[in-house]
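J.: I would like the atomic coordinates for the input below:
(one chain, ligands or ions: 3)
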Amino acid sequence: MWKCAVEIKDGKIASIVKEDEKHGKIKSENVIDYGEAVVMPGLIDVHAHLDDPGRAEWEGFPSGTKAAAAGGITTLVDMPLNSDPSTVSRETLELKIKAAESRIYVDVGFWGGLVPENAFNASALEDLLDAGVLGLKSFMCPSGINDFPMTNASHIKEGLSVLAKYRRPLLVHAEKVQELESNLGVEDGSNNPRSYSTYLKTRPPSWEEAAIKDLLTLTKDTRIGGPAEGAHLHIVHLSDSRSSLDLIKEAKSGGDSLTVETCPHYLAFSAEEIPDGDTRFKCSPPIRDAANKEKLWEALLEGHVDMLSSDHSPAMPELKLLDGGDFLRAWGGISSLQFVLPVTWSYGQKYGVTLQQLALWWSERPARLAGQKLKVELSSVLAKFPADTDIVMLGAIAIGNHADIVVWDPDVEFDLDDEFPMHVKHPGISAYLGTKLSGRVAATFVRGNLVFEEGKHAPALCGVPILAS
Ligand SMILES: NC(=O)NC(NC(N)=O)C(=O)[O-]
Ligand SMILES: [Zn+2]
Ligand SMILES: [Zn+2]
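T.: Numbering: from 1, shown residues only. Ligands and ions are numbered 1, 2, ... in the order given. Got it, this is the predicted structure:
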């Protein structure tokens, strides 16, 4: 970490000048002085549901990317489900791009869906990949979205063989439905649907473990010299830090091309603390007990969990059934996009989290997952990039990289109450409302453009869709 100036030219980082070398090198009239604030690579959130087009009333490109900019996130990768239609073909990706263009405050890439309908159709998958999705995503359990059915191991095997050629990843929601104890969901005193522990029993860690076991029979093929070399499997939002994690560790040490993310809500909350009926905390896989959370932190700090993502997934507040508070019937998904940086920082204090670790978990490793060489979609808002410009999204402050930067004050505390300017569409369903956080975002730059500063967004929407080439 240095005291330094970052020089930005044509949207890229031109030089990094240390404090003691500054004199004469930088003309003061062009300097923005952020004092003691931290200048870090912008966050890259590889797991966000923006639900646009089709369910833009749940979130939407403008509101979601506004929240991202306010939170220091400079690139989002949008999930293929919750929009209507789901992103499962070239045509549906084109609808996404159209919905995003000129309506986004930060850059947005897209995952495509691997679903039974396209899994055995290599040319359909190739068409979707050729159209620019950064990789594919599938579910091993029902997703709750009708046009996004679940896949099994055979679908995933087919997907990986196509992805190998493209060297793009497959992201998987790893929970596999296992038989449950009977009488769950029945209110008999011990199974009150307003109690989080009841919900927890409906999605035990054995679901994650079973899915991961299936996946690891396939990831062996991704090893060097294996039939799917070049493919990569990424497990999204891991919650179980016990046997599931042990399995992942073993597969990684065997050489499988495998990474795993967890999310701030699994690191910040524990099941015991979730108030009865507070369905803002419902997500899948569920938030588990405090001991599980400690082990998850440990795994993150030791490098067994590779990165963090928000899994920001809001819905219409009425679907959360906040009045009745029935965890079994409420729609799942945590709303968090704007606060992932201060949340990781605040809850990480206890574990001695460093700024370097934040950059690794939120920028460097997600950038690597989301794609090495990406092409900027040419659009009217970005005329200054020639059509064939290849950009490298490295998630680091380094010469030649995009000037995607967050400036923030780790020591500034704030109460996340009703008064706090929240930019997500439905602030009331955010699980973090009511907490005190430290780490205030002062400014966010996307490719050198100041998109957010001192609580205000720039009027120009200069985010662009990011497509793989
Ligand atoms: N349809 C969803 O948004 N699902 C998401 N919902 C969660 N995590 O509760 C997810 O990523 O599985
Ligand atoms: Zn999921
Ligand atoms: Zn998700």
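
J.: And for residue 64, nearest residue in space, chain neighbours not counted?
T.: Nearest non-adjacent residue to residue 64, counting by C-beta to C-beta, 6 or more residues apart in numbering: residue 50, 4.3 Å away. Heads up, the C-betas are built off the backbone N, CA and C, glycines and all.

J.: To clarify, my last question referred to residue 396.
T.: Nearest residue to residue 396, sequence neighbours excluded (C-beta to C-beta, 6+ apart): residue 41, at 5.3 Å.

J.: which ones are touching that neighbour?
T.: Residues in contact with residue 41 (C-beta atoms under 8 Å, 6 or more residues apart in numbering) are 74, 359, 363-364, 395-397, 401, 404-406.

J.: since we're on residue 304, how many residues are nearby?
T.: Residue 304 has 18 neighbours, counted by other C-beta atoms under 10 Å.

J.: which element is residue 359 on?
T.: In this assignment (DSSP states H and E), residue 359 forms part of helix 355-359.

J.: Below-threshold pLDDT in the chain: ranges please.
T.: 22-29, 182-189, 372-395 (pLDDT under 70).

J.: ok, which residues in it are in contact with ligand 1?
T.: Within the chain, the positions adjacent to ligand 1 are 49, 81-82, 143-145, 173, 237, 283-284, 311, 313, 332-333 by C-beta under 6 Å from any ligand atom.

J.: What subset of the residues you listed is buried?
T.: Among the residues of the chain next to ligand 1, those classed as buried by 16 or more other C-beta atoms under 10 Å are 49, 81-82, 143, 145, 173, 237, 283-284, 311, 313, 332-333.

J.: Need these in TSV (columns: distance to residue 430 and secondary structure).
T.: Putting those into TSV (distance: C-beta to C-beta, whole Å; DSSP: H, G, I helix; E, B strand; the rest coil) gives the following:
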residue	distance to residue 430	secondary structure
49	14	coil
81	21	coil
82	17	coil
143	22	coil
145	22	coil
173	22	strand
237	17	coil
283	12	coil
284	18	coil
311	13	coil
313	12	coil
332	14	coil
333	11	coil
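
J.: Residue 2 looks like it's in a strand, true?
T.: No: using DSSP: H, G, I helix; E, B strand; the rest coil, the assignment for residue 2 is coil, not a strand.

J.: who are the neighbours in contact with it?
T.: Applying C-beta under 8 Å, 6+ apart, we find residue 2 in contact with 16, 18-19.

J.: Out of the residues you listed, which comes closest to ligand 1?
T.: Nearest to ligand 1, judged by C-beta to the nearest ligand atom, of those is residue 16 at 36.8 Å.

J.: and that closest one, what does it touch?
T.: Residue 16 is in contact with 2, 4-7, 397-399, counting by C-beta under 8 Å, 6+ apart.

J.: make it 7 Å
T.: Listed by C-beta atoms under 7 Å, 6 or more residues apart in numbering, the contact partners of residue 16 are 4, 6, 397, 399.

J.: Narrow these to those in strands?
T.: In strands, defined here by DSSP state E, the members of these are 4, 6.

J.: Buried only: go through the contacts of residue 16 for me.
T.: Neighbour counting with 16+ other C-beta under 10 Å marks 4, 6, 397 as buried within the contacts of residue 16.

J.: Run through the bridge partners of the second one.
T.: Listed by DSSP bridges, the beta-bridge partners for residue 6 are residue 16.

J.: helix, strand or coil for the most centrally placed residue in the chain?
T.: The centre of the chain sits closest to residue 47, judged by C-alpha atoms, centre = their mean, with a distance of 2.6 Å. Assigned with three-state DSSP, residue 47 falls in the strand class.

J.: can you pull the contacts of it?
T.: Listed by C-beta under 7 Å, 6+ apart, the contact partners of residue 47 are 79, 236-237, 261, 309-311.

J.: same check, this time on residue 181
T.: Residues near residue 181 by C-beta under 7 Å, 6+ apart: residue 201.

J.: how about it, secondary structure?
T.: Following three-state DSSP, residue 181 is assigned to coil.

J.: Roughly how far does it sit from residue 204?
T.: Counting by C-beta to C-beta, to the nearest Å, the gap from residue 181 to residue 204 is 9 Å.

J.: hang on, the earlier thing: now the residues of the chain next to ligand 1 in CSV, with distance to residue 110?
T.: Formatted as CSV, those follow (distance: C-beta to C-beta, whole Å):
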residue, distance to residue 110
49, 12
81, 12
82, 13
143, 17
144, 20
145, 16
173, 17
237, 18
283, 22
284, 22
311, 16
313, 16
332, 22
333, 19
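
J.: Residue 402 reaches residue 11, doesn't it?
T.: Yes: shown here, residue 402 and residue 11 form a contact pair, counting by C-beta atoms under 7 Å, at 6.4 Å.

J.: Between those two, which has more neighbouring residues?
T.: Using other C-beta under 10 Å as the criterion, residue 402 and residue 11 rank with residue 402 on top: 25 against 19.

J.: Show me the beta-bridge partners of that one.
T.: Counting by DSSP bridges, residue 402 forms beta bridges with residue 12.

J.: now swap in the one 4 residues further on and tell me
T.: Using DSSP bridges, the beta-bridge partners of residue 406 come out as residue 40, residue 444.

J.: check contacts around it.
T.: Contacts here follow C-beta under 7 Å, 6+ apart; on that basis residue 406 touches 40, 42-43, 72, 441, 444.

J.: swap in residue 287?
T.: Residue 287 makes contact with 239, 265-266, 269-271, 274, 281, according to C-beta under 7 Å, 6+ apart.

J.: can you redo the residues you listed as JSON lines with neighbour count?
T.: Listed next are the contacts of residue 287 as JSON lines, based on neighbours: other C-beta atoms under 10 Å:
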{"residue": "239", "neighbour count": "25"}
{"residue": "265", "neighbour count": "23"}
{"residue": "266", "neighbour count": "27"}
{"residue": "269", "neighbour count": "23"}
{"residue": "270", "neighbour count": "17"}
{"residue": "271", "neighbour count": "18"}
{"residue": "274", "neighbour count": "22"}
{"residue": "281", "neighbour count": "21"}
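
J.: what number of residues lie near the closest residue to the residue nearest to the centre of the chain other than its chain neighbours?
T.: Nearest residue to residue 47 in three dimensions, chain neighbours excluded: residue 309, at 3.5 Å (C-beta to C-beta, 6+ apart). Using other C-beta under 10 Å, residue 309 is surrounded by 27 other residues.
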